[in-house]
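Engineer: Model the following, please.
(one chain, ligands or ions: 2)
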Amino acid sequence: MQKKISLYENIYSEQDNLAKKINEFLTEKDIFTINILGGAGAGKTSTLIQTIKRLNDIKSYVIEGDIESDIDTKTLTALGVTAFQINTGGNCHLNPIMVDTILKKIDICQKGVLFIENIGNLVCPADVIIGEHIKILICSIPEGSDKPYKYPLAFQKADAIILNKMDLKPYIDFDSDFFYNGVRALNDEAKIFEVCSKTGEGFDSFIEWLRKEIYNQNFLL
Ligand SMILES: Nc1nc2c(ncn2[C@@H]2O[C@H](COP(=O)(O)OP(=O)(O)OP(=O)(O)O)[C@@H](O)[C@H]2O)c(=O)[nH]1
Ligand SMILES: [Mg+2]
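Structural biologist: Residues are numbered from 1 along each chain as shown. Ligands and ions are numbered 1, 2, ... in the order given. From the prediction side, this is the model:
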C-alpha cells in the first residue's frame, strides 16, 4: 500500500515551530521584533533610518535581508546602527532557519527593538513568520494604488502600513481612495501612516503608534 506524505506541510510546520521558538527567545530577552515587508525600493531602509533616529532612547538592532550585497547594512552601520546582514543567495524571503542562525552568531544582550528588513517583494515574505512580534508593510506612491488588489496577503497580514514617498504624490497618478478602499477590504485594523522618508515628514504619529504597540505588548524598553 502506498502512503502519501505531504512534505510541504511538514517543512512549513517545522519552520513555524522554529519561528515560535525565536519569538519566545526574543520575548524573553525583551527584544521587540518587527518584520519589515515591502517591495524592492519602496523605502524600507530609508524608513528604518528615520524610525531609529526617533527611537534614540531605545537600543535598535537591524537584520538586513538581501539576496546579494551588504549595501543597506553598510549604510546603517555608517550611521552608528547595530546592523547585521543575511544574504539568501537567491531565496525570495527570509526564513526562520536564517534568522535563528544569525541570532546564534550575534551579540544582542541589551533589550531593545530588532528590525528585520525582509527581501524586497510583496509576495513570499508575507507568507512566512520568522519570529516577529509585528509586521510592518512599507508601500510607496510610485508603486501605484492598485497594490492591495494585486498582492493582498502582505496587506492582510500587516499590523501597520506605511505609505512612503508622499513627496512624489503631485507627480504620479496615485488614487488614494482606491488604495485605502483596497486596504480596508482586506484589513480594517492596520493603521496607515503617510510619510516621506526622505524628509522625515509624517513620522511623529507613526512613532507614537509604535511606542504604544511596544508598551501594549508588555515590553518595557
Ligand atoms: N522621493 C523620495 N525618495 C525616497 C523616499 N524614501 C526613499 N526614497 C528613495 O528610494 C530609493 C529606495 O530606498 P530604500 O530605502 O533603499 O528602499 P528599500 O525598500 O530599502 O530598497 P531594497 O532594500 O533595495 O528593497 C532610494 O533612492 C531612496 O533615497 C521618499 O520618501 N521620497
Ligand atoms: Mg533596503
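Engineer: CA atoms only for stretch 138-154, dumped as PDB, please.
Structural biologist: Extracted in PDB, the C-alpha atoms of stretch 138-154 (Å, rounded to 0.1, in the frame of the first residue of the first chain):
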ATOM      1  CA  ILE A 138       6.200  49.700   3.600                       C
ATOM      2  CA  CYS A 139       4.500  50.800   0.300                       C
ATOM      3  CA  SER A 140       5.300  53.800  -1.800                       C
ATOM      4  CA  ILE A 141       3.400  56.200  -4.100                       C
ATOM      5  CA  PRO A 142       5.400  55.200  -7.300                       C
ATOM      6  CA  GLU A 143       4.400  51.600  -6.900                       C
ATOM      7  CA  GLY A 144       0.800  52.500  -7.700                       C
ATOM      8  CA  SER A 145      -2.500  52.500  -5.800                       C
ATOM      9  CA  ASP A 146      -3.600  49.000  -7.100                       C
ATOM     10  CA  LYS A 147      -1.100  47.100  -5.000                       C
ATOM     11  CA  PRO A 148      -3.600  45.900  -2.300                       C
ATOM     12  CA  TYR A 149      -5.700  44.300  -5.000                       C
ATOM     13  CA  LYS A 150      -2.700  42.500  -6.700                       C
ATOM     14  CA  TYR A 151      -0.800  41.500  -3.600                       C
ATOM     15  CA  PRO A 152      -3.500  41.000  -0.900                       C
ATOM     16  CA  LEU A 153      -1.600  38.800   1.500                       C
ATOM     17  CA  ALA A 154       1.000  41.400   2.500                       C
END
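Engineer: Quickly check: it near ligand 2 or not.
Structural biologist: No - contact of stretch 138-154 with ligand 2 (CB under 5 Å from the ion) is absent, the minimum separation being 9.4 Å. Using the backbone N, CA and C atoms, a C-beta is placed for each residue, glycine as well.
Engineer: ok, now stretch 29-47?
Structural biologist: Yes - judged by CB under 5 Å from the ion, stretch 29-47 comes into contact with ligand 2 at 44-45.
Engineer: Quick check: end-to-end length of that stretch?
Structural biologist: By CA to CA, to the nearest Å, the extent of stretch 29-47 from end to end equals 25 Å.
Engineer: do the same with stretch 52-70
Structural biologist: Start-to-end, stretch 52-70 (CA to CA) is 19 Å.
Engineer: That one: how far from the chain's middle?
Structural biologist: Taking the mean of its C-alpha atoms, stretch 52-70 sits 11 Å from the chain's own mean (CA atoms, centre = their mean, to the nearest Å).
Engineer: I am finished for the moment; much appreciated.
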